[in-house]
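Asker: I'd like to go over a predicted model; first the sequence, then the structure.
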Amino acid sequence: MGIFSRTRDIIAANVTDLLDKAEDPAKMIRMIILEMEETLVEVRASAARVIADQKEMRRQIGKLETVQSSWTEKAELALSKGREDLAKAALVEKQKAGDLAAELNEQIEILDESLRASEADIAKLQAKLREARARQNSLAARLDSANNRTRMREMYAGPKVDEAFSRFEILERRVDYAEGRADAAGMGAAPKSLEEEIAELRASEKVDAELAAMKARAAGREG
């Protein structure tokens, strides 16, 4: 079942009110646009049929004018031959053709009014459709913005970030412990040999490198 009962309801509709009352505005605006597009197609198709009918009527009027001319000639011929009765009968037939042509002209005028109404309806439907599409674009932009904000919040406050900083703190404690052991080992001990100092430097470099890599990964997630 459609949202509208067609053209009049669409023209009178307040798209904003419909969206405000909808549980799913995005779905509602898609339905509104679809029904507006279908209605616009139907109104244009109806107008095309009216135009076709008018053309057919004008062709018939042209034929009837030819018929009237023919009966006029026949009436004149009959009268010239002294057959007033035949002339009168011919004029009666001419009158019938004229009456039918007049009726068709009246119908054409009525259809003209219908076309003018259809033209006005089409313009109003197009305006409503533009409004609905603008609302749809606005909703899409708001939805994208909301999704982006959600992703940013998850990035800065999500469990992955917490886990990264937790591991970062563990590495810092490991570095503190390594430095503490080095300091403790040097208390009251003999001076270190050159090879010992170089070995400690290599061990410290490994820890520093892992810490730097962890910091880089954490910074990458934040960016």
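Answerer: Happy to help now that I have it. Small disclaimer: the values here were computed from a predicted structure and weren't measured.

Asker: output the below-cut-off pLDDT ranges for the protein.
Answerer: Counting by pLDDT under 70, the ranges of the chain that qualify are 1-3, 143-144, 146-165, 168, 182-192, 222-223.

Asker: state the distance from residue 199 to residue 109.
Answerer: 108 Å (C-beta to C-beta, to the nearest Å). Using the backbone N, CA and C atoms, a C-beta is placed for each residue, glycine as well.

Asker: next one: residue 38
Answerer: Residue 38 is 30 Å from residue 109, by C-beta to C-beta.

Asker: how many other residues sit next to residue 180?
Answerer: Neighbour count for residue 180, taken as other C-beta atoms under 10 Å: 10.

Asker: tell me, how many neighbours does residue 125 end up with?
Answerer: Applying other C-beta under 10 Å, I find that residue 125 has 21 neighbouring residues.

Asker: that one sits in which helix or strand?
Answerer: Assigned by DSSP states H and E, residue 125 belongs to helix 84-157.

Asker: again with residue 216
Answerer: helix 194-222.

Asker: from the chain's centre, how far out does that helix sit?
Answerer: 54 Å (C-alpha atoms, centre = their mean, to the nearest Å).

Asker: return the residues in contact with the residue nearest to the spatial centre of the chain.
Answerer: The chain has residue 133 as the residue nearest its centroid, 4.7 Å off, counting by C-alpha atoms, centre = their mean. By C-beta atoms under 8 Å, 6 or more residues apart in numbering, residue 133 lies in contact with residue 33.

Asker: okay, it and residue 142: tell me how far apart.
Answerer: 15 Å.

Asker: how is the protein divided into domains?
Answerer: The chain breaks down by automatic domain parsing into domains covering 7-153, 159-222.

Asker: just say which of the ones you listed is most tucked in.
Answerer: domain 7-153 (a mean of 14; mean count of other C-beta atoms under 10 Å).

Asker: on that earlier part again, and the angle from the helix holding residue 216 to helix 84-157?
Answerer: Orientation check (axes from the mean of the first three to the mean of the last three C-alpha atoms, to 10 degrees): helix 194-222 against helix 84-157 gives 150 degrees.

Asker: what is helix 194-222 packed up against?
Answerer: With contacts taken as 3 or more C-beta pairs under 8 Å, 6 or more residues apart in numbering; DSSP states H and E, helix 194-222 sits against helix 84-157, helix 159-185.

Asker: residue 50 touches residue 114, doesn't it?
Answerer: Yes - counting by C-beta atoms under 8 Å, residue 114 is a contact partner of residue 50 at 5.7 Å.

Asker: contacts only, for residue 44.
Answerer: Residue 44 touches residue 122, counting by C-beta under 8 Å, 6+ apart.

Asker: element containing it, please.
Answerer: helix 25-80.

Asker: just want the angle from that helix to helix 84-157.
Answerer: Using the same axes, to 10 degrees: helix 25-80 against helix 84-157 is 170 degrees.

Asker: run the chain-centre distance for helix 25-80.
Answerer: With C-alpha atoms, centre = their mean, you get 33 Å for helix 25-80.

Asker: cool, stretch 23-42 as well?
Answerer: That offset, for stretch 23-42, works out to 9 Å (C-alpha atoms, centre = their mean).

Asker: just the CA trace of that stretch, in CSV.
Answerer: Extracted in CSV, the C-alpha atoms of stretch 23-42 (Å, rounded to 0.1, in the frame of the first residue of the first chain):
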residue,chain,number,x,y,z
GLU,A,23,10.9,4.9,12.6
ASP,A,24,13.4,4.5,9.7
PRO,A,25,13.7,7.9,7.9
ALA,A,26,16.1,6.5,5.3
LYS,A,27,13.7,3.8,4.2
MET,A,28,10.8,6.2,4.3
ILE,A,29,12.5,8.7,2.0
ARG,A,30,13.3,6.0,-0.5
MET,A,31,9.6,4.9,-0.5
ILE,A,32,8.5,8.5,-0.9
ILE,A,33,10.8,9.1,-3.8
LEU,A,34,9.8,5.9,-5.5
GLU,A,35,6.1,6.7,-5.2
MET,A,36,6.6,10.2,-6.5
GLU,A,37,8.5,8.9,-9.5
GLU,A,38,5.8,6.4,-10.3
THR,A,39,3.1,9.0,-10.0
LEU,A,40,5.0,11.4,-12.2
VAL,A,41,5.3,8.7,-14.9
GLU,A,42,1.6,8.0,-14.6
